[in-house]
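A.B. asks: sequence first, then the predicted structure:
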Amino acid sequence: MVVDLKIKFFLLLLFANVYAAENSDELQILKNDVELLIKKINSFEENKISTQTQDVKMPLTHRNMLELKNAQTILSVGGRIHLNSVYGWPEGSFFAAKIPLESKGEEGQLSMNAKDSRLWFKTRTPSQYGPLRTLIEIDFLGSAGTDAVTNSHQPRLRHAYLEFAGFTLGQTNSAFNSLVALDTITYAINDTLVRQALVRYTIDDDLFSYDISVEDPESTLLDKNGTMLMPKDDVAPDLILRARYYPSWGEASLAFLGRYIAYDNVKLSDNTVLDNSDGAYGWGINISGKFKVYKLDDIRFDAQYGLGLGRYVAYNAYSAGSINDEGDINLHPTYGWHVGYRHWWSQKLRSTLGFSRVETKNNLDNLNTANLKAVNKKADSLQLNLLWMPVPDSLTGIEYSRGNREVQEGTIGTIDMLTLFFRYVF
Amino acid sequence: MKILFFSIVFVCFTGCTSVYVQSNSDAHVQESEKLRLLMRELDLVVYDRFKSELERDDMRRRYAMILAETIKELSKKIEDKNNPKTFQKYSKQLYQNAQELYKIADRYELENLQTKIDAITRTCNSCHIQVRGY
């Protein structure tokens, strides 16, 4: 604006000079100067327009999914191609139950795969009660193929469910899952991620959503040998109540889990049969969310605590409880947290620094001291990455992650991983 | 004297215009920033790690509805009768687009979202060019 003003003022003075020199010999020279100046101003304005109109930018979203439509239903097909390259010191998985103990294994082993690619089909059909929406999604993290020849990784069902009139039926994310995850390639060590069959009812409004969900139960119990048993004697579904909040500063959720853990005549790891039955009520809470701090930067957090939380945290690293010599169930308290800061270096470049930790208190009275190396106790992790979106719907980047695992006997394992990946969502 | 007179008149005129346009601009700079962030968040939903595709659609719908509400607020602010008629014309157009955006989001017709956002973007850009001059 100041530049505009200066130019206009200069023009005025120039015109004034022209007026004053109306009858002089300099008239023609001044006219030429004015024409030249006008041309320059026009050129300046044009440049300014082309720059400033980018103020309101076209969104980057260019969804390339295929959409087929008949009179009522829209079928969309989409997915993602995901190439993962991992160096591990030692080679291993970045999960609380799988970090190699005493850091034993191949050092600096490079492993590449595309098994985290996905394919999904979704439909939407309008009705008088609102849209009926369905989704089927698979990835290729089922049975692993051999690296040596064809890498024929098997498809695996992730989601198969419908949503209609507030109801969700089928297999999908548990309502107990964290609302917000760290923006990392490897997982936070305490992730609460369970997908299972469920029936859920959701009340949704502008700021809040409320869920009541009954979900597939699965008890996990330690026997005296430190082996995790799945008795398959569940009689009541897990019940989850959740509230989600979407204020202008971010988003947050609070979930409460209630479950009944039971067994009846269970076969132990030493092939003896425990001719008894017992049950116990477990519970857990999970708080998750993110705060926007500056522009798109945010702080993400998650914390959970529970008695008999078991498989709901850290990808089933810990059992819900253990069975004592009398055949009674003792539930174990489990807790975990993660926190991460995501910073945007530019429109297409971002980083996350995250920390996480998870721990369970095993009942040592129920376990043989000779087998404590098989029982997970705690784990923590650190992740730092640099992610870049070179073209819309694509993502590539590099991440350093370090994880520690400790078992009940005291042995510790550490893994350092360097992950490079490329992903394109279609 | 003539030069001085013309200079003073010209400076006053251009100065007043600048202040007027500047005040209008300031009035919705904040809203524009909010819109830009919302659009970015809408774009970034695709990278949400844990969410299923239907959950991502829920988030897109939510952001689109907030976007529509924010645009409605913005259009009301610039609807002021004291503003130039050009401003008012664009504010009405913006309001109408925002209402349509809200309906699209409400019905989960997310395949139409991009087209509507493009229309809103064009309205904003046209208004900026005509009213601000850039």
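C.D. replies: Yes, it's here. From a predicted model like this one, the values you see are computed outputs, not experimental measurements.
A.B. asks: what helices or strands is the host helix or strand of A:Thr172 leaning on?
C.D. replies: Here A:Thr172, judged by DSSP states H and E, is contained in strand A:167-173. Judged by 3 or more CB pairs under 8 Å, 6 or more residues apart in numbering or on different chains; DSSP states H and E, strand A:167-173 is in contact with strand A:156-164, strand A:195-204. The C-beta positions use only the backbone N, C-alpha and C, and glycine is treated the same way.
A.B. asks: quick one, which of those strands is nearest to chain B?
C.D. replies: strand A:156-164 (4.8 Å; CB to the nearest CB).
A.B. asks: using CSV, write out every CA atom in the strand holding A:Thr172.
C.D. replies: In CSV, the C-alpha atoms belonging to strand A:167-173 read as follows (Å, rounded to 0.1, in the frame of the first residue of the first chain):
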residue,chain,number,x,y,z
PHE,A,167,-25.3,-47.5,14.6
THR,A,168,-22.0,-49.1,13.6
LEU,A,169,-22.0,-52.9,13.0
GLY,A,170,-19.1,-55.1,12.0
GLN,A,171,-15.3,-55.2,12.5
THR,A,172,-13.5,-51.9,13.0
ASN,A,173,-11.5,-49.8,15.4
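A.B. asks: could you pick out the residues of the stretch 251-400 of chain A near chain B for me?
C.D. replies: A:Lys295, A:Leu296, A:Pro392, A:Asp393, A:Leu395 (CB under 8 Å from any CB of the partner chain).
A.B. asks: what separation do you get for the third one and A:Ile412?
C.D. replies: Distance of A:Pro392 to A:Ile412, computed by CB to CB, to the nearest Å: 43 Å.
A.B. asks: can you show me the helices along chain B?
C.D. replies: B:2-44, B:53-77, B:85-106, B:113-127 (DSSP state H).
A.B. asks: from the chain's centre, how far out does the last one sit?
C.D. replies: Meaning helix B:113-127. 9 Å (CA atoms, centre = their mean, to the nearest Å).
A.B. asks: what angle do it and helix B:85-106 make?
C.D. replies: 170 degrees (axes from the mean of the first three to the mean of the last three CA atoms, to 10 degrees).
A.B. asks: now for helix B:113-127, which elements pack on it?
C.D. replies: Using 3+ CB pairs under 8 Å, 6+ apart: helix B:113-127 touches helix B:2-44, helix B:53-77, helix B:85-106.
A.B. asks: mind checking the pLDDT average for the last one?
C.D. replies: Spelled out, it's helix B:85-106. Average pLDDT, helix B:85-106: 88.
A.B. asks: please apply the same query to the first one.
C.D. replies: For helix B:2-44, the per-residue pLDDT values average out at 64.
A.B. asks: need the three-state assignment for the residue most central in space within chain A.
C.D. replies: Among the residues of chain A, the one closest to the centroid is A:Ala181, at 3.9 Å (CA atoms, centre = their mean). A:Ala181 carries the three-state label coil when classified by DSSP: H, G, I helix; E, B strand; the rest coil.
A.B. asks: how about it, what does it touch?
C.D. replies: A:Ala181 makes contacts with A:Ala188, A:Asp191, A:Arg300, A:Asp302, B:Asp48, B:Arg49, B:Phe50, as judged by CB atoms under 8 Å, 6 or more residues apart in numbering or on different chains.
A.B. asks: these two touch, right, the third one and A:Val293?
C.D. replies: No. Applying CB atoms under 8 Å, one finds A:Arg300 not in contact with A:Val293, separated by 10.7 Å.
A.B. asks: those two: which has the busier surroundings?
C.D. replies: Legend: neighbour count by other CB atoms under 10 Å in any protein chain shown for A:Arg300 and A:Val293, higher for A:Arg300 (25 against 14).
A.B. asks: what's near enough to touch that one?
C.D. replies: Contacts of A:Arg300 by CB under 8 Å, 6+ apart are A:Val180, A:Ala181, A:Leu182, A:Asp183, A:Gly289, A:Lys290, A:His338, A:Val339, A:Gly340, A:Tyr341, A:Arg342, A:Gly354.
A.B. asks: of those residues, which is the nearest to A:Arg118?
C.D. replies: Nearest to A:Arg118 out of these is A:Ala181 (CB to CB; 15.9 Å).
A.B. asks: circling back: got a markdown table for the contacts of A:Arg300, with pLDDT and distance to B:Tyr63 too?
C.D. replies: Converted to a markdown table, these look like this (pLDDT from 0 to 100; distance: CB to CB, whole Å):
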| residue | pLDDT | distance to B:Tyr63 |
| --- | --- | --- |
| A:Val180 | 94 | 15 |
| A:Ala181 | 94 | 18 |
| A:Leu182 | 96 | 21 |
| A:Asp183 | 96 | 17 |
| A:Gly289 | 96 | 17 |
| A:Lys290 | 95 | 14 |
| A:His338 | 97 | 25 |
| A:Val339 | 98 | 24 |
| A:Gly340 | 98 | 21 |
| A:Tyr341 | 98 | 22 |
| A:Arg342 | 97 | 17 |
| A:Gly354 | 98 | 24 |
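A.B. asks: A:Phe301 - how many residues pack around it?
C.D. replies: Per other CB under 10 Å, the neighbour tally for A:Phe301 reads 18.
A.B. asks: also A:Ala320?
C.D. replies: Using other CB under 10 Å, A:Ala320 has 27 other residues around it.
A.B. asks: what does A:Gly282 give?
C.D. replies: 24.
A.B. asks: buried residues in stretch B:123-134?
C.D. replies: B:Thr123, B:Cys124, B:Asn125, B:Cys127, B:His128, B:Val131, B:Arg132, B:Tyr134 (16 or more other CB atoms under 10 Å in any protein chain shown).
A.B. asks: between the residues you listed, which is nearest B:Phe87?
C.D. replies: Using CB to CB, the buried residues of stretch B:123-134 come closest to B:Phe87 at B:Val131, 5.6 Å.
A.B. asks: so for the closest one, what's the pLDDT?
C.D. replies: 71.
A.B. asks: so it is in contact with B:Pro84, correct?
C.D. replies: Yes. Shown here, B:Val131 and B:Pro84 form a contact pair, counting by CB under 8 Å, at 6.5 Å.
A.B. asks: list the residues that contact whichever residue of the stretch 301-426 of chain A sits closest to chain B.
C.D. replies: Relative to chain B, the nearest point of the stretch 301-426 of chain A is A:Val425 (5.3 Å; CB to the nearest CB). Counting by CB under 8 Å, 6+ apart, A:Val425 touches A:Gly78, A:Gly79, A:Arg80, A:Asp393, A:Ser394, A:Leu395, B:Val46.
A.B. asks: tell me the bridge partners for it.
C.D. replies: A:Arg80 (DSSP bridges).
A.B. asks: cool, and A:Thr168?
C.D. replies: A:Glu163, A:Arg200.
A.B. asks: so it makes contact with A:Asp204?
C.D. replies: No. Look at A:Thr168 against A:Asp204 with CB under 8 Å: they stay out of range, at 11.4 Å.
A.B. asks: neighbour count: the two, which is higher?
C.D. replies: A:Thr168 (20 against 13).
A.B. asks: quick one, what contacts that one?
C.D. replies: A:Tyr161, A:Leu162, A:Leu198, A:Val199, A:Arg200, A:Tyr201, A:Thr202, A:Ser213.
A.B. asks: and the two most separated of those residues?
C.D. replies: Maximum pairwise distance among the contacts of A:Thr168 (CB to CB): 14.7 Å, between A:Leu162 and A:Ser213.
A.B. asks: buried ones in the strand ranked longest in chain A?
C.D. replies: As assigned by DSSP state E, the longest strand anywhere in chain A is strand A:273-294. For strand A:273-294, the neighbour count (16+ other CB under 10 Å) marks A:Leu274, A:Asp278, A:Ala280, A:Gly282, A:Gly284, A:Asn286, A:Ile287, A:Ser288, A:Gly289, A:Lys290, A:Lys292 as buried.
A.B. asks: again, but for stretch A:379-389
C.D. replies: Per 16+ other CB under 10 Å, stretch A:379-389 contains these buried residues: A:Ala379, A:Asp380, A:Ser381, A:Gln383, A:Asn385, A:Leu387, A:Met389.
A.B. asks: what of stretch A:324-341?
C.D. replies: A:329-341.
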